[in-house]
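# here's my sequence, what's the structure:
(one chain, ligands or ions: 2)
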Amino acid sequence: MSGFLEVEGVVGGYGAADEVLKGISLSLAAGRMAAVVGPNGAGKSTLLKAVAGIVVPKSGRVTLEGRPLSGLPPRAVARRGVAFVPQEGNVFPSLTVRENLEMGGYLEVRATVTRRAEALMQRFPVLGEKRRRAARTLSGGQRQILAMAMALMVEPRLLLLDEPSAGLSPVAAEALFDGIASIHRGGTAVLMVEQNALEALAIAEEGIVLVDGQVARIGPAAGLAADPEVRRLFLGG
Ligand SMILES: Nc1ncnc2c1ncn2[C@@H]1O[C@H](COP(=O)(O)OP(=O)(O)OP(=O)(O)O)[C@@H](O)[C@H]1O
Ligand SMILES: [Mg+2]
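Ligands and ions are numbered 1, 2, ... in the order given. Sure, this is the predicted structure:
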């Protein structure tokens, strides 16, 4: 039924540590949103990097609509409609908000870049207000909104978000989750890694608990959020 994003038995990692992911399988239907939660070092960021083409699986594969993503370089993955917002270093601090949006649209022609940047500055008014300010002057929450908006410049069909709420105040995190939910309502599939597990599972449809490079639990997000064992082990409650 899915067939949109399929991760099949992916094993991979970095150099000598080439089994950070120990055989990950999951699938995401078109337009759906999944939250990936789990302890530090579980391999959550590595999983997103494997989908984005930054980590090359040593076995297993990633496909989008039945065609392989794994093996493609990151730029080719991006051209297939997959946008990745990494955990850190996701904006250019010395460029203005407007220039950052233009960088996000590097795959597109000029007129498209202008049109989409204007639309995103309307959609996220704080970006419009600060369009001529350097990204380094933004608050943490504003910077995360900018990073997401940069990713949206290519009108992705799949958005990969790595800990978008990290370091934000509860109020800023809530505003950010509202923004993510609204992007998802617009039809974009989202695979989001989050430390704020309950908040993430509350806006996602699917939940994935990753432990030590393996899928410990997978299922409807609401079910995982309510499961006493999951809460005790992974959600601190
Ligand atoms: N570039 C790298 N080179 C070598 N090992 C790495 C690299 N990045 C991550 N690792 C290792 O891979 C494992 C998983 O890291 P990863 O960043 O995927 O975890 P994570 O679940 O995202 O953790 P966190 O919650 O802290 O962000 C860790 O043992 C980490 O030390
Ligand atoms: Mg991480």
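
# counting by contacts, list what the strand or helix carrying Thr114 packs against.
Taking DSSP states H and E as the definition, one finds Thr114 inside helix 110-123. On a contact count with 3 or more CB pairs under 8 Å, 6 or more residues apart in numbering; DSSP states H and E, helix 110-123 meets helix 97-104, helix 125-129, helix 140-152. Placement of C-beta: from N, CA and C, glycine included.

# closest to Lys44 out of these?
In terms of CB to CB, the element of the helices and strands packed on helix 110-123 nearest to Lys44 is helix 140-152, at 16.9 Å.

# show me what counts as buried in that closest one.
By 16 or more other CB atoms under 10 Å, the buried positions in helix 140-152 come out as Gly141, Gln142, Arg143, Gln144, Ile145, Leu146, Ala147, Met148, Ala149, Met150, Ala151, Leu152.

# quick check, nearest of those residues to Pro39?
Nearest member of the buried residues of helix 140-152 to Pro39, counting by CB to CB, is Gln144, at 22.2 Å.

# for Val56, see how far away that closest one is.
Between Gln144 and Val56 the computed distance is 28 Å (CB to CB, to the nearest Å).

# next one: Met103
Distance from Met103 to Val56, counting by CB to CB: 25 Å.

# isn't Met103 up against Ser94?
No - counting by CB atoms under 8 Å, Met103 stays clear of Ser94, with 11.6 Å between them.

# give me the more crowded residue out of these two.
When Met103 and Ser94 are compared for neighbours, Met103 comes out ahead with 13 against 10, by other CB atoms under 10 Å.

# excluding chain neighbours, what is closest to the more buried one?
Spatial nearest neighbour of Met103, chain neighbours left out: Phe92 (6.2 Å); criterion: CB to CB, 6 or more residues apart in numbering.

# number of residues surrounding the one you found?
Neighbours of Phe92 under the rule other CB under 10 Å: 16.

# next one: Val171
9.

# go on, Gly167?
By the criterion of other CB under 10 Å, Gly167 has 13 neighbours.

# where's the residue nearest to it when sequence neighbours are not counted relative to Pro125, distance?
Closest residue to Gly167 apart from its sequence neighbours, by CB to CB, 6+ apart: Gly140 at 5.2 Å. Gly140 sits 18 Å away from Pro125 when distances are taken as CB to CB.

# now Gly41
Gly41 is 38 Å from Pro125, by CB to CB.

# the two: which is more packed in?
Shown here are Gly41 and Pro125; by other CB under 10 Å, Gly41 has more neighbours (12 against 9).
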